[in-house]
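Asker: could you look at this predicted model? Sequence included:
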Amino acid sequence: QVQLVESGGGLVQAGDSLRLSCAASGRTFSDYKMAWFRQAPGKEREFVAGIIRSGGSTRYADSVKGRFTISRDNAKNTVYLQMNSLKPEDTAVYYCAADRSALGVRTGVVTYAYWGQGTQVTVSS
């Protein structure tokens, strides 16, 4: 299995940027599609962005398109989420997830077998 550790969260103002990182260990990182999810208080966990094994294709939630960018460095076993033009509604705990299936990027929580512990992102208005 793979272990995931997120970092980079924090408290920022609306319009600011943050970059989240997720470091993987335990298995061959390039065998896994990777994704970021988030969960706000009182809400269900939702898909934010995903990237295939090679990094050649990505997928985004409509709410973050044009503002967030997911990328990965297979040599460093790390996936990133660059978040620009942050809004108060982006406030949530952000989770990194891994999926070893051969299909394209999927958005369902249940399709990801491995999860990090989460990192808090708070955007003040």
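Answerer: Nice, I can see it.
Asker: element containing the residue nearest the centre of the chain, please.
Answerer: The chain has Trp36 as the residue nearest its centroid, 2.0 Å off, counting by C-alpha atoms, centre = their mean. Assigned by DSSP states H and E, Trp36 falls within strand 33-39.
Asker: tell me the buried residues in that strand?
Answerer: Lys33, Met34, Ala35, Trp36, Phe37, Arg38 (16 or more other C-beta atoms under 10 Å). Yep, even glycine has a C-beta here, placed from its N, CA and C like the rest.
Asker: what's the closest of the residues you listed to Val2?
Answerer: Met34 (9.7 Å; C-beta to C-beta).
Asker: local confidence estimate at that closest one?
Answerer: pLDDT recorded at Met34 is 97.
Asker: what do you get for Gly26?
Answerer: 86.
Asker: distance of it relative to Gly9?
Answerer: 22 Å (C-beta to C-beta, to the nearest Å).
Asker: between these two, which is the more surrounded one?
Answerer: Between Gly26 and Gly9, counting by other C-beta atoms under 10 Å, Gly9 is the more crowded of the two (18 against 12).
Asker: quick one: contacts for the more buried one?
Answerer: Applying C-beta atoms under 8 Å, 6 or more residues apart in numbering, we find Gly9 in contact with Leu18, Leu20, Tyr94, Thr119, Gln120, Val121.
Asker: how about 7 Å then?
Answerer: Residues in contact with Gly9 (C-beta atoms under 7 Å, 6 or more residues apart in numbering) are Leu20, Tyr94, Thr119, Gln120, Val121.
Asker: do Ala49 as well
Answerer: By C-beta under 7 Å, 6+ apart, the contact list for Ala49 reads Ala35, Trp36, Thr58, Arg59, Tyr60, Ala61, Val64, Phe68, Ile70, Leu81.
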